[in-house]
Every structure is written in structure tokens, then in C-alpha cells.
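[1] Okay, sequence plus prediction incoming.
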Amino acid sequence: TSGEVTKNIFLKFYNKTRLIEIGSSRGEMAIKKNKNAPYILVTPEGLIEDVDLFINFIKEITKKIKKFKFLIRFHPVISKTQIKERVSLLKNNPNIVFSEDTLTNDIQKSSYVFYRGSTAVFSAVIAGLTPLYFNYDEVNLNPLYELEDYIQTIINVEDLNSIKEDKIETKKKLISYCKQYYTEFQISGILNLIK
């Protein structure tokens, strides 16, 4: 498994001797956001429908609320043609920026992460960003569903007016959980499998 959280999930179904916590390279990421970072980092999944869902919602937000700046990060599987089309449609909107940078740098520029099913939320939360879950429909895609009582949910444009940075206690709880979800990669787990 990728970490302690996923290991505990599998323990409900499998014998302990059949499970090995190998960890993940994500467990080694050490990013810190910059103080007063200006952006809300937007992390759609690798489906163009999900990208369009976020873009259309953010367009509505920027028409009504001018104080937010959004940094949209495309999943690597989205084609360059699809990216170009969407960038050209919104190039005149000063509140929307399309990232061409690394995840690390995007996280450092942001104070919030706006997500649905994207696992980039784990790295963002570990770095200190406040998660905002986009609850578009009844299907819960939140990878942090076990902590949903601690996560601000966005359903409509007006919800953005009430967002606030998480308190220190909440941040610590979220960071601890995310660090256990992707623990540090352990080569010994793989070597033990080969023996």
C-alpha cells in the first residue's frame, strides 16, 4: 500500500501477512506554501469533462466576485490541443491563470486548493494549503472523505464568499492524515517481496 491509511483500509478485507506498506514518492515531498500566496490552485482530474466543469464554475465566480485569483493546473493526460482551446477562451480574464509550472511551484503560489477527485490535494494539504472540495453532484469523489467534517465544501458561487484559511489545529489534523496516506517510500518492502 501507499501508506498507513490505505493499509488500514485493506486490513478490513485482507490478512495482515498479505499486506506490505511500500509507501510512495509523494510521501517524500516537502513543499511549503509562500506566506500570503495569492492563488486558489484548481486541480481537476484527468477527464476533460472535469476540466470543463471547473472552468465553467470559475468563469461564473469571476463574473460575480473579483477578489479571487485562480491558478488552473491541467492533469498531464489532458492533450495540448484541449488545453489550447480552453486557454484561448479565457485569455482575457485577469483572474484566471493557466499553469505551465511544476506542481511544487504551483503549490507555493497558492493558499487554497480547489479539488474534486484529484490526489494532488494530498501534496497541497501537506504543504499547508486549505482544501476546498467542489461538491458538484451527489457522487462523493473526495479522496479526503474520512475528514469531510474538517473540509470546506463549495456547492455554489456564494460559498466562495465564506471561505477562510483553516485554523492551525485543523491544518495539523489534515496534514497528519495526508502524511499517513502517502508515507515515505521504503525500498525494503519491495526487497522483502523478492526474497
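    Sure, I can see it. All figures in this text were calculated on a predicted structure; none of them were measured in a lab.
[2] which residues of the chain fall in strands?
    39-43, 69-72, 96-98, 110-115, 130-134, 152-154 (DSSP state E).
[3] Which of these sits closest to Thr62?
    strand 96-98 (6.4 Å; Cβ to Cβ). To be clear about C-beta, it is placed using only N, CA and C from the backbone, and glycine gets the same treatment.
[4] which residues sit against that closest one?
    39, 58-59, 62, 69-72, 74, 83, 86-87, 90 (Cβ atoms under 8 Å, 6 or more residues apart in numbering).
[5] let's see 7 Å
    Ile58, Thr62, Lys69, Phe70, Leu71, Ile72, Val87, Leu90 (Cβ atoms under 7 Å, 6 or more residues apart in numbering).
[6] Now neighbour count too, for the residues you listed, in JSON lines please.
    As requested, the contacts of strand 96-98 are exported to JSON lines (neighbours: other Cβ atoms under 10 Å):
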{"residue": "Ile58", "neighbour count": "22"}
{"residue": "Thr62", "neighbour count": "19"}
{"residue": "Lys69", "neighbour count": "16"}
{"residue": "Phe70", "neighbour count": "24"}
{"residue": "Leu71", "neighbour count": "24"}
{"residue": "Ile72", "neighbour count": "24"}
{"residue": "Val87", "neighbour count": "15"}
{"residue": "Leu90", "neighbour count": "17"}
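[7] Max pairwise distance over those residues: which two?
    Lys69 and Val87, at 15.9 Å, using Cβ to Cβ across those.
[8] got the strands of the chain as TSV, with mean pLDDT and distance to Asn8 columns?
    Below are these laid out as TSV (pLDDT from 0 to 100; distance: least, Cβ to Cβ, whole Å):
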stretch	mean pLDDT	distance to Asn8
strand 39-43	96	25
strand 69-72	96	33
strand 96-98	94	38
strand 110-115	96	23
strand 130-134	97	21
strand 152-154	96	25
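[9] For Arg86, list the residues it contacts.
    Here Arg86 is in contact with Val51, Ile55 (Cβ under 7 Å, 6+ apart).
[10] That'll do, ta.
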